[in-house]
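J.: I would like the atomic coordinates for the input below:
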Amino acid sequence: MYFLKLKFSQLIYFFSFSSQWEEVSGYDENLNTIRTYQVCNVFEPSQNNWLLTTFIDRRGAQRIYVEIRFTVRDCSSIPNVPGSCKETFNLYYYETDAVIATKGTAFWMEAPYLKVDTIAADESFSQVDFGGRLMKVNSEVRSFGPLSKNGFYLAFQDYGACMSLLSVRVFYKKCPSVVQNFAIFPETMTGAESTSLVIARGMCIANSEEVDVPIKLYCNGDGEWMVPIGSCTCKAGFEPDNGNVCRACPPGTFKSSQGPGLCLQCPPNSRSTSEAATICVCRNGYYRGDADQPDQPCTSVPSSPRNVISFVNETSVILEWHSPRETGGRNDVVYNIVCRKCRADRRSCSHCDENVDFVPRQLALTDTRVFISNLVAHTLYSFEIQAVNGVSNKSPYPAQHVTIDITTNQAAPSIVPIMHQISSTMNSFTLSWPQPEQPNGIILDYELRYYEKINSTVLRSQTNTARVEGLRSGTVYVVQVRARTVAGFGKFSSKMCFQTLTDGKTRTLVVLELSLRADMSNCPSPLGCPTHFSGSPGMKIYIDPFTYEDPNEAVREFAKEIDVSTVKIEEVIGAGEFGEVYKGRLKLPGKREIYVAIKTLKAGYVDQQRRDFLSEASIMGQFDHPNIIRLEGVVTKSRPVMIVTEFMENGALDSFLRQNDGQFTVIQLVGMMRGIAAGMKYLSEMNYVHRDLAARNILVNSNLVCKVSDFGLSRYLQEDTSDPSYTSSLGGKIPVRWTAPEAIAYRKFTSASDVWSYGIVMWEVMSFGERPYWDMSNQDVINAIEQDYRLPPPMDCPSALHQLMLDCWQKDRNVRPRFTDIVSTLDKMIRNPTSLKAIANIPAVPSQPLLDRSIPDFNTFSSVEDWLGAIKMIQYRDNFLNSGFTSLQLVAQMTSEDLLRIGVTLAGHQKKILSNVQTMRVQMSQSPSTLA
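T.: Got it, this is the predicted structure:
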């Protein structure tokens with residue numbers, strides 16, 4: 001209860017003709033003398049006597065309580081009192097924002113006041129009581145509200161009683177400030193009604209935080225707090241003390257989370273040196289794992305495994321060991337195996353290849369045993385067995401380990417891959433062959449087996465060359481060879497056919513690796529084995545899969561069948577002639593998982609479509625070069641039929657260059673062109689003609705390595721159309737812009753026509769993917785080439801590169817450079833970058849007519865946006881316009897600094913824009929109307 005102090009000296013009473021209130025001395029119930037207000041005019045009727053307080057400030061209270069102590073004379077004890085005598089009086093209040101009642105105003109009317117109640121005495125006194133000084137004091141409490149103005153007046157109305165006002169107390173109720181559940185609640189006034197509940201929001205004490213819902217208390221009408229909702233608890237690093245304080249954890253203790261819990265002692269091998277620690281720091285050499293809780297001890301790394309033993313055979317080893325002596329205080333010790341393959345002299349080791357297989361696995365072994373297979377026989381290996389646990393990754397030091405070196409036993413060698421015929425006479429031939437890919441030991445000798453029809457003859461050779469004598473002239477012989485180590489013979493090689501001469505001349509043949517089918521029309525062998533003829537030194541010759549009677553045989557011979565369970569399709573990345581192309585993953589046994597591209601054959605195909613689809617795999621499978629797209633294998637035994645190749649992250653070269661216009665240096669571009677040329681050199685040496693060499697058919701991986709792709713159907717000129725394009729058997733037209741003139745006119749496709757196409761690819765690279773011959777029609781392109789016109793150098797193209805392009809576009813295919821020459825030329829440029837500094841400019845009278853892609857007159861452009869679109873720089877439209885370059889006249893004044901300022905940061909784009917700005921200036925200088 002909070003009192004609005006009110007003394008009787010503050011009561012202002014006004015009396016008129018009817019006012020009878022008097023301030024007199026009287027007694028209280030203890031017969032103490034006090035000042036009272038009394039009225040006793042009971043013998044006159046129609047009394048209306050008012051007593052008014054001064055203005056009382058409500059101090060924010062919405063409900064006011066009034067306690068009145070008073071005495072009343074019993075009317076029946078007064079002799080001859082008329083019937084108008086009363087034993088009650090009325091209590092009123094008047095709410096106002098300012099003082100309005102003074103002694104000089106008549107403020108007795110009842111109308112402005114609101115009645116609180118009629119007050120009746122519980123006890124009244126008589127003359128006997130008064131004579132005996134027995135005071136019968138009444139006490140009544142009344143309340144009123146809600147109040148909204150600054151204050152109020154109280155008024156007491158007597159209408160015929162004999163009474164005294166002993167005291168008047170005016171007060172309001174509020175809930176006091178309190179701390180509960182670690183929250184401070186402010187002093188809160190009660191509501192306007194006695195039943196009202198007022199919400200008080202709490203504020204967490206220092207170093208505590210709310211739990212769940214916002215904390216609050218309800219203050220009821222009696223000024224008492226009710227049950228709180230929500231609570232605060234001490235935050236991490238602090239603990240409760242006496243229920244209303246959060247005390248910091250002392251050094252050596254910690255508390256990791258908010259809550260009612262107390263601070264805990266630091267766990268073993270950890271400490272806290274300051275107050276309010278939320279976690280104890282591990283001591284040197286000890287660590288806390290990612291999944292370890294703050295109240296768990298810090299632990300250390302394990303010691304190395306012990307007592308390693310091995311069981312070795314030719315291509316596998318079993319390793320067993322004992323657990324570490326020290327586990328670091330943890331129970332999650334696992335083991336990793338590091339495999340290294342070493343030279344016999346132990347001078348250098350390298351990591352084992354991906355074919356090595358570990359059972360149950362190589363990393364995170366829980367058992368102290370591992371079986372390692374697919375090793376190479378007669379080879380030194382070094383195995384490192386690491387012991388790691390949940391904190392090993394926290395330690396700055398390498399994992400503790402033990403190393404064991406083993407040498408696998410010798411085994412029978414692998415198959416001899418191929419044989420070469422070095423020379424031949426009428427009764428002999430000399431053969432040579434490479435060492436088996438896996439000697440599996442020291443090769444002791446080789447055994448040749450040869451026969452003409454049925455009975456075979458055996459010949460031993462200490463080297464990988466042998467002369468077979470005593471043969472019949474003009475006869476084909478079947479020959480096989482195998483190698484031997486101390487472990488025994490390997491398997492015989494596949495059957496190969498070699499023929500003696502029919503005349504007396506000795507013919508020396510270059511080494512070759514030729515695999516032609518025995519049933520081909522030009523093969524004289526009836527023995528079912530490949531016959532060998534001369535060719536390029538050391539180079540396998542391409543075999544057209546369409547020469548096979550059964551195309552499926554070509555697929556089986558050149559493409560590896562993949563189990564469909566090892567292929568995982570992820571997302572569509574394109575669509576081909578036969579179906580969709582996907583990105584996916586390939587996980588072959590014993591190898592790591594890799595990303596691949598997956599071409600699929602759409603449902604509802606006919607046999608011819610299946611053969612055509614798989615022919616690309618038959619072609620691709622014959623190639624093995626870093627700049628040729630690699631075939632991983634095919635899926636033909638389930639649906640859909642798939643061709644799986646390596647995945648090239650950056651996609652086709654033409655679109656990749658357009659997306660990165662101006663972002664590569666000349667040397668980087670030359671490197672890309674060199675890779676393409678190296679791939680084409682390989683193909684030409686295999687006698688394979690690509691026929692569709694273009695930037696769209698070059699794929700780029702994440703390391704910017706360019707690889708030749710698209711080995712699809714053979715293409716032929718369309719016979720019955722004037723449209724100058726050649727068409728696949730399914731009607732897929734290929735533009736003539738990349739095709740040599742003799743290939744268009746006479747269908748003469750050779751490596752020389754591929755060189756012409758390569759020159760166009762060079763132009764595409766240096767122009768960052770611009771379309772060759774721009775928007776010219778196919779017929780215009782053919783006419784221009786027939787008139788000896790050639791493409792001009794792209795912007796900033798070194799003259800040496802443009803000259804190489806012109807060499808590739810020689811009309812006489814016999815004088816065009818070979819791909820071997822092109823690779824050599826590009827290598828010289830890379831070794832001598834200064835040769836690329838001279839920029840090709842079109843002379844007034846060029847040695848060869850060059851096409852001119854004239855720049856339109858700037859007057860044909862109506863806006864800056866049109867101009868940017870014409871020079872293919874529309875992506876900078878907002879940069880120009882937002883920076884104030886809103887007219888061509890302003891653009892013509894731009895400098896390189898202006899381009900940098902508006903956000904054109906790529907050097908190639910700056911050069912392109914500034915070159916066109918310079919052209920615009922020249923045109924403006926020649927146009928007087930513009931300058932005016």
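
J.: Please make it C-alpha for all contacts and neighbour counts, starting now.
T.: Fine.

J.: quick one, what contacts the closest residue to Ser767 other than its chain neighbours?
T.: In this structure, Ser767 finds its nearest non-sequential neighbour in Pro794, 5.2 Å apart by CA to CA, 6 or more residues apart in numbering. Contacts were defined as CA atoms under 8 Å, 6 or more residues apart in numbering; by that measure Pro794 touches Trp763, Met766, Ser767.

J.: what helices or strands is the helix or strand the first one falls within leaning on?
T.: This points to Trp763. When elements are assigned from DSSP states H and E, Trp763 belongs to helix 751-766. The elements that helix 751-766 packs onto, with contact taken as 3 or more CA pairs under 8 Å, 6 or more residues apart in numbering; DSSP states H and E, are helix 653-659, helix 666-685, helix 799-808.

J.: what does the last one contact?
T.: To tie it back to what came earlier, the one meant is helix 799-808. Where contact means CA under 8 Å, 6+ apart, the residues beyond helix 799-808 that reach it are 755-756, 758-760, 762-763, 790, 792-793, 816-817, 835-836, 838-841.

J.: got the angle between that helix and helix 666-685?
T.: For helix 799-808 and helix 666-685, the angle between their directions (axes from the mean of the first three to the mean of the last three CA atoms, to 10 degrees) works out to 20 degrees.

J.: May I ask which helix or strand of the chain has the lowest mean pLDDT?
T.: Between all helices and strands in the chain, the lowest mean by mean pLDDT, DSSP states H and E belongs to strand 715-717, at a mean of 35.

J.: For the spatially most central residue of the chain, which non-adjacent residue is spatially closest?
T.: With the centre of the chain defined as its mean C-alpha position, the nearest residue by CA atoms, centre = their mean is Glu649, 16.1 Å away. In space, and not counting its chain neighbours, Glu649 is closest to Asn701: 4.8 Å by CA to CA, 6+ apart.

J.: what's the answer for Cys40, then?
T.: Closest residue in space to Cys40, ignoring its immediate chain neighbours: Cys162 at 3.9 Å, by CA to CA, 6+ apart.

J.: Am I right that that neighbour falls within a strand?
T.: Yes. Using DSSP: H, G, I helix; E, B strand; the rest coil, the assignment for Cys162 is a strand.

J.: From the contact counts, what lies against the helix or strand where Ile309 lies?
T.: Secondary structure assignment for Ile309, by DSSP H and E: strand 306-312. If contacts are counted by 3+ CA pairs under 8 Å, 6+ apart, strand 306-312 sits against strand 317-322, strand 401-407.

J.: chain center to the shortest one, what's the gap?
T.: Centroid separation for strand 317-322 versus its chain: 41 Å, with CA atoms, centre = their mean, to the nearest Å.

J.: Now do the following helix or strand past it, average pLDDT.
T.: For strand 317-322, the following helix or strand on the C-terminal side (DSSP H and E) is strand 334-342. When pLDDT is averaged over strand 334-342, the result is 94.

J.: The helices and strands packed on strand 306-312 into a markdown table, with extra columns for mean neighbour count, mean pLDDT and distance to Arg288?
T.: Below are the helices and strands packed on strand 306-312 laid out as a markdown table (neighbours: other CA atoms under 10 Å; pLDDT from 0 to 100; distance: least, CA to CA, whole Å):
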| stretch | mean neighbour count | mean pLDDT | distance to Arg288 |
| --- | --- | --- | --- |
| strand 317-322 | 17 | 94 | 25 |
| strand 401-407 | 16 | 93 | 21 |
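
J.: Now distance to Asn138 too, for these, in JSON lines please.
T.: Written out in JSON lines, the entries for the helices and strands packed on strand 306-312 read as follows (distance: least, CA to CA, whole Å):
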{"stretch": "strand 317-322", "distance to Asn138": "99"}
{"stretch": "strand 401-407", "distance to Asn138": "99"}
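
J.: Can you say which of those is nearest to Gly285?
T.: Put simply, out of the helices and strands packed on strand 306-312 the one that sits nearest Gly285 is strand 401-407, at 17.4 Å, with distance taken as CA to CA.

J.: Just give the strands next to that closest one in its sheet, each with its orientation.
T.: Strand 401-407 has the following strand partners under DSSP bridges: strand 380-388 (antiparallel).

J.: Other residues contacting the strand it pairs with?
T.: 301-305, 324, 333-344, 399-408.

J.: Go again with 6 Å.
T.: Strand 380-388 is contacted from outside by 304, 333-342, 400-407, using CA atoms under 6 Å, 6 or more residues apart in numbering.

J.: Kindly report the same for stretch 172-179.
T.: With CA under 6 Å, 6+ apart as the contact definition, stretch 172-179 has outside contacts at 1-2, 64-65, 184-190, 223-224.

J.: now it: mean pLDDT?
T.: Across stretch 172-179, pLDDT averages out at 90.

J.: Name the nearest residue to Glu67, ignoring sequence neighbours.
T.: In space, not counting the residues next to it along the chain, Glu67 is nearest to Val141; the distance is 4.3 Å by CA to CA, 6+ apart.

J.: likewise Gln157?
T.: By the measure of CA to CA, 6+ apart, the closest residue to Gln157 outside its immediate chain neighbours is Trp50, 4.6 Å from it.

J.: who does the helix or strand hosting that neighbour pair up with?
T.: If you go by DSSP H and E, Trp50 is part of strand 49-53. Taking DSSP bridges as the criterion, strand 49-53 sits next to strand 11-12 (antiparallel), strand 151-158 (antiparallel) in its sheet.

J.: ok, Pro817 to Lys748 distance?
T.: 17 Å (CA to CA, to the nearest Å).

J.: More neighbours: which of those two?
T.: Using other CA atoms under 10 Å as the criterion, Pro817 and Lys748 rank with Pro817 on top: 18 against 13.

J.: Same question for the more buried one, what's its three-state structure.
T.: Classification of Pro817 into helix, strand or coil gives coil, according to three-state DSSP.

J.: what's the answer for Ala466, then?
T.: Assignment for Ala466 (three-state DSSP): strand.

J.: so it touches Leu431, yeah?
T.: Yes. Here Ala466 reaches Leu431: they are 5.4 Å apart, a contact under CA atoms under 6 Å.

J.: No more questions from me, cheers.
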